[in-house]
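**Student:** Here is a sequence with its predicted model. Questions after.
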Amino acid sequence: MSDQIDAPVISRPDRQSTGQRYGQRLLTLLFWLFTVYLLRPLITLIAWASGLHLFSEVMLEEQGLVSLLHLLGSYAMTIAAIGAALGGWAIYNLLRFRGRNKRIHHPKPVPLEEEAAHYGLDNETVREWRNAPRIVMHYDREGNLLL
């Protein structure tokens, strides 16, 4: 019980629906498969080093070098396209926000009385909260503030 109160992030897997749980597991599986896919060149290198496939057979006899050069060309074009997209986005933002000091518009501050009414507290307690360097709030299972 105290672990849930002291945890900085709300973690309630018991309140997830079945679809959310399976969706999370599916997403995790997809990312692990993508990670293995990205590590495929390293796995291939380890297979060559262990003798499962001879480098000369794959690269020379089966014309793997030609495939490698085509693949490197595709990689270079992909990197150039990504660089052009990012460069275009940077130029767009430079032109769009030129001459402006701030891009972020902060919301208006909430009046002290309104915040106190929201929490059901007096103004002095909320004023102390605002001046505190750090506050920790504890909630019950229904999401109500515990004092």
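**Tutor:** On my side now, so go ahead. Residues are numbered from 1 along each chain as shown.

**Student:** Give the helix, strand or coil label for residue 27.
**Tutor:** In three-state terms, and counting by DSSP: H, G, I helix; E, B strand; the rest coil, residue 27 is helix.

**Student:** How many residues are close by it?
**Tutor:** Neighbour count of residue 27, defined by other CB atoms under 10 Å: 10. Where C-beta positions appear, they are placed from N, C-alpha and C, glycine not excepted.

**Student:** Just the pLDDT at it, thanks.
**Tutor:** Note for residue 27: predicted pLDDT of 95.

**Student:** Let me know the helix or strand that the spatially most central residue of the chain is in.
**Tutor:** Nearest to the geometric centre of the chain sits residue 31, at 12.4 Å (CA atoms, centre = their mean). In the assignment (DSSP states H and E), residue 31 maps to helix 18-38.

**Student:** For residue 13, which non-adjacent residue is closest in space?
**Tutor:** Excluding its sequence neighbours, the residue lying closest to residue 13 (CB to CB, 6 or more residues apart in numbering) is residue 21, at 7.3 Å.

**Student:** Number of residues surrounding the one you found?
**Tutor:** Using other CB under 10 Å, residue 21 is surrounded by 11 other residues.

**Student:** What residues of stretch 31-39 count as buried?
**Tutor:** Residues of stretch 31-39 include none that count as buried (16 or more other CB atoms under 10 Å).

**Student:** For it, which outside residues touch it?
**Tutor:** Here stretch 31-39 makes contact (CB atoms under 8 Å, 6 or more residues apart in numbering) with residue 43.
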